[in-house]
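**Q** Following is a predicted model, sequence given first.
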Amino acid sequence: MGKVATVFKVYIESGKEAEVSKEIKDKLKPNGFQMEEVAFGIKVLKVMFIHEDEDGSTAYENNLRKIKDVTEVEIDGESLL
């Protein structure tokens, strides 16, 4: 199989963006990372991981959900590389 890029939208408790961003960068070592404003001051963190196709993305999603002050995680996109 090949490599897959999975992008997650990570919703964060308001005001905790910096702490959550640092924890994700330090603990999970994502391949890509970007903060976007969705609307009315609501921010979403887009986090990308590159992994083997057979590994799946469930473990990454579960690890993101375990981080304090993360309120929701959803897959924004997946693509074969």
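**A** Perfect, thanks for sending it.
**Q** Break down this structure into its strands, ranges please.
**A** Taking DSSP state E as the criterion, the chain carries its strands at 3-12, 32-39, 42-52, 70-80.
**Q** now the residue nearest to K25 when sequence neighbours are not counted: how far from E78?
**A** Closest residue to K25 apart from its sequence neighbours, by CB to CB, 6 or more residues apart in numbering: F33 at 6.5 Å. Using the backbone N, CA and C atoms, a C-beta is placed for each residue, glycine as well. Separation of F33 from E78 (CB to CB, to the nearest Å) stands at 17 Å.
**Q** Looking at those two now, which is surrounded by more residues?
**A** F33 (15 against 12; other CB atoms under 10 Å).
**Q** For the longest helix along the chain, list every residue counted as buried.
**A** For the chain, the helix that runs over the most residues, judged by DSSP state H, is helix 17-28. Going by neighbour count (16 or more other CB atoms under 10 Å), the buried part of helix 17-28 is 17, 20-21, 24.
**Q** tell me the centre residue of the chain?
**A** V47 (3.4 Å; CA atoms, centre = their mean).
**Q** which residues does I24 contact?
**A** Neighbour list for I24: 10, 30, 33, 45, 47, 64, 67 [criterion: CB atoms under 8 Å, 6 or more residues apart in numbering].
**Q** and with 7 Å instead?
**A** Neighbouring residues of I24 by CB atoms under 7 Å, 6 or more residues apart in numbering: 30, 47, 67.
**Q** Could you check how many residues crowd around the first one?
**A** Other residues near P30 number 20, with proximity taken as other CB under 10 Å.
**Q** State the pLDDT value of it.
**A** On pLDDT, P30 comes in at 97.
**Q** repeat for F40
**A** As summarised for this prediction, F40 has a pLDDT of 81.
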